[in-house]
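Undergrad: Sequence first, predicted coordinates after that:
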Amino acid sequence: MIYVFLATGFEEIEALTPIDIMRRAGLEVVTVSITGDKTVVGTHGVLVVADALLAEVDFAAAEMLVLPGGLPGSTNLDACAPLREGIQKAYEAGTPLAAICAAPMVYGHMGLLKGVKATCYPGCESHMEGAEYTAAIVESDGQFITGRGPAAAFEFGYTLVDRILGEGASQPLREGMIYAQLLA
């Protein structure tokens with residue numbers, strides 16, 4: 001089970017694009033509202049109905065945790081104590097942890113990025129406590145996958161698929177979604 005956490009003000013493209021890509025790959029992805037209501041409003045006013053509420057999440061069964069960015073979505077994720085507790089449990093269990101744009105701040109503020117190569121939205125580097133900031137579009141190091149921002153949403157999603165299903169598993173999706181031609 002891959003959990004994607006949605007907070008008020010999440011960046012829609014950074015949540016929905018990776019969700020779409022992972023579901024196309026046949027992965028079981030569950031969207032989770034941390035707001036107490038299944039309807040979550042993105043930073044651009046898009047309403048998304050989450051599959052579950054935070055209280056329903058079984059962090060022990062998670063294959064991966066994904067945090068979309070956006071503001072104030074990332075700061076809302078960061079302020080959610082029950083989410084941070086779940087992240088800590090997942091981290092200790094070795095579960096892959098992913099975040100894009102401003103959302104790596106959550107892992108940074110928790111001290112989880114020490115010595116990890118990571119990327120984030122330009123200007124958010126100060127929240128990447130202990131990380132080796134790379135400015136890459138997507139960075140994968142150890143149990144962490146981080147993405148730089150909205151334009152990285154596709155590559156971030158493909159990287160998540162490869163992490164769960166194995167290197168190269170995203171290739172048929174890249175081709176079928178015409179992404180491979182974009183880079184040619």
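TA: Yep, it's here.

Undergrad: can you list the residues that contact the helix or strand bottoming out on mean pLDDT in the chain?
TA: Within the chain, no helix or strand scores below helix 179-183, which has a mean of 79 by mean pLDDT, DSSP states H and E. Around helix 179-183, the neighbours that count as contacts under Cβ atoms under 8 Å, 6 or more residues apart in numbering are 154, 158, 171, 173, 174. From N, CA and C alone the C-beta is placed, and that goes for glycine too.

Undergrad: mind putting these in a markdown table, distance to residue 126 included?
TA: Converted to a markdown table, the contacts of helix 179-183 look like this (distance: Cβ to Cβ, whole Å):
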| residue | distance to residue 126 |
| --- | --- |
| 154 | 27 |
| 158 | 28 |
| 171 | 36 |
| 173 | 34 |
| 174 | 33 |
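
Undergrad: want to try JSON lines for the residues you listed, with secondary structure as columns?
TA: Output for the contacts of helix 179-183, formatted as JSON lines (DSSP: H, G, I helix; E, B strand; the rest coil):
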{"residue": "154", "secondary structure": "helix"}
{"residue": "158", "secondary structure": "helix"}
{"residue": "171", "secondary structure": "helix"}
{"residue": "173", "secondary structure": "helix"}
{"residue": "174", "secondary structure": "helix"}
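
Undergrad: Out of those residues, which comes closest to residue 40?
TA: Lowest distance from residue 40 to the contacts of helix 179-183 (Cβ to Cβ) belongs to residue 154, with 21.9 Å.

Undergrad: Wait, the closest one touches residue 17, no?
TA: Yes. Residue 154 is in contact with residue 17 according to Cβ atoms under 8 Å; the separation is 6.0 Å.

Undergrad: then the least confident helix or strand of the chain to CSV, C-alphas only?
TA: This file holds the C-alpha atoms of helix 179-183, laid out as CSV (Å, rounded to 0.1, in the frame of the first residue of the first chain):
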residue,chain,number,x,y,z
TYR,A,179,7.0,11.1,-22.0
ALA,A,180,10.0,9.4,-23.6
GLN,A,181,9.4,11.5,-26.8
LEU,A,182,9.4,14.7,-24.8
LEU,A,183,13.0,14.0,-23.8
